[in-house]
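Participant: Sequence unavailable; structure follows:
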């Protein structure tokens, strides 16, 4: 058999890229993105940004949401349950009032029905927004507020609210449930808990 040349081999997806944990957004960065989307009347992107933060869903689950997954009749529900593709386990998440407003406006604007995907694709070959399309949109948000896209990504969306909740409560079990992790160790690794946090917790624990 002939050996394939190096030139015929596909280029590694991570060549020249920073890999590893993507940084969660800070509150000021969340508001910088949100205000820009609101001022520019980017209804679809605002309806993607807010649920992306609230739901803490992986990109593969977020892009496959259907209207019926988060709506009761014509109203966006305050909570929803979604079956995770990766784990085949259900995860529940809250839908805050601002997110309800953003999604409601998008559903009306796009004239979506109950069985429609919440984020239909603009590419005919795909019925819903793809994960790569979603990643490009997130990159554009990051660039527009002056951050480095290499340091952020779709997992930044998933990690942001979980990280904020952990910082405020130090309740790992609650964050584990919100992220739909089966093991607490996965949550610790995912949050990237720093040594200072671990020392703070240790100092508060008597033995």
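Facilitator: Structure's in. What do you need? Predicted model, so just to flag it, every value in this text is computed and none were measured.
Participant: all strands for the chain, in order.
Facilitator: Chain-ordered strands for the chain, with DSSP state E as the definition, fall at 71-72, 75-76, 79-83, 90-94.
Participant: Quick one: mean pLDDT for the third one?
Facilitator: So that's strand 79-83. Mean pLDDT, strand 79-83: 93.
Participant: which of the residues in that strand are buried?
Facilitator: 80, 82 (16 or more other Cβ atoms under 10 Å). C-betas here are computed from N, CA, C, even on glycine.
Participant: Show residues contacting it.
Facilitator: Residues outside strand 79-83 that contact it (Cβ atoms under 8 Å, 6 or more residues apart in numbering) are 55, 57, 61, 65, 69-70, 89-95.
Participant: again, 7 Å this time
Facilitator: With contacts defined as Cβ atoms under 7 Å, 6 or more residues apart in numbering, strand 79-83 is touched by 57, 61, 69, 70, 90, 91, 92, 93, 94, 95.
Participant: Same list (the strands of the chain) but as a markdown table, adding distance to residue 188.
Facilitator: Rendered in a markdown table, the data for those read as follows (distance: least, Cβ to Cβ, whole Å):
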| stretch | distance to residue 188 |
| --- | --- |
| strand 71-72 | 34 |
| strand 75-76 | 33 |
| strand 79-83 | 23 |
| strand 90-94 | 18 |
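Participant: To residue 37, which of these lies closest?
Facilitator: Closest to residue 37 of those, according to Cβ to Cβ: strand 75-76, at 17.6 Å.
Participant: Show the secondary-structure elements that the closest one is packed against.
Facilitator: In terms of contacts (3 or more Cβ pairs under 7 Å, 6 or more residues apart in numbering; DSSP states H and E), strand 75-76 is packed against helix 97-110.
Participant: Give me the distance between the helix it packs on and the centre of its chain.
Facilitator: In terms of Cα atoms, centre = their mean, to the nearest Å, the gap separating the centre of helix 97-110 from the centre of its chain is 17 Å.
Participant: Name the residues of it that come out as buried.
Facilitator: Within helix 97-110, the residues that qualify as buried are 99, 100, 102, 103, 106, 107, 110, counting by 16+ other Cβ under 10 Å.
Participant: That one - what's its average pLDDT?
Facilitator: For helix 97-110, the mean pLDDT works out to 96.
Participant: re earlier: export the buried residues of helix 97-110 as a markdown table, with columns for distance to residue 185.
Facilitator: Supplementary listing: the buried residues of helix 97-110 in a markdown table, determined by distance: Cβ to Cβ, whole Å:
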| residue | distance to residue 185 |
| --- | --- |
| 99 | 30 |
| 100 | 34 |
| 102 | 35 |
| 103 | 34 |
| 106 | 37 |
| 107 | 39 |
| 110 | 41 |
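Participant: Residue 170: which of those is nearest?
Facilitator: Among these, residue 99 lies closest to residue 170 (Cβ to Cβ), at 25.3 Å.
Participant: is it true that that closest one touches residue 49?
Facilitator: No. When contacts are counted by Cβ atoms under 7 Å, residue 99 is not listed as touching residue 49 (9.1 Å).
Participant: any shared contact partners between these two?
Facilitator: The overlap between the contact sets of residue 99 and residue 49 (Cβ under 7 Å, 6+ apart) is empty.
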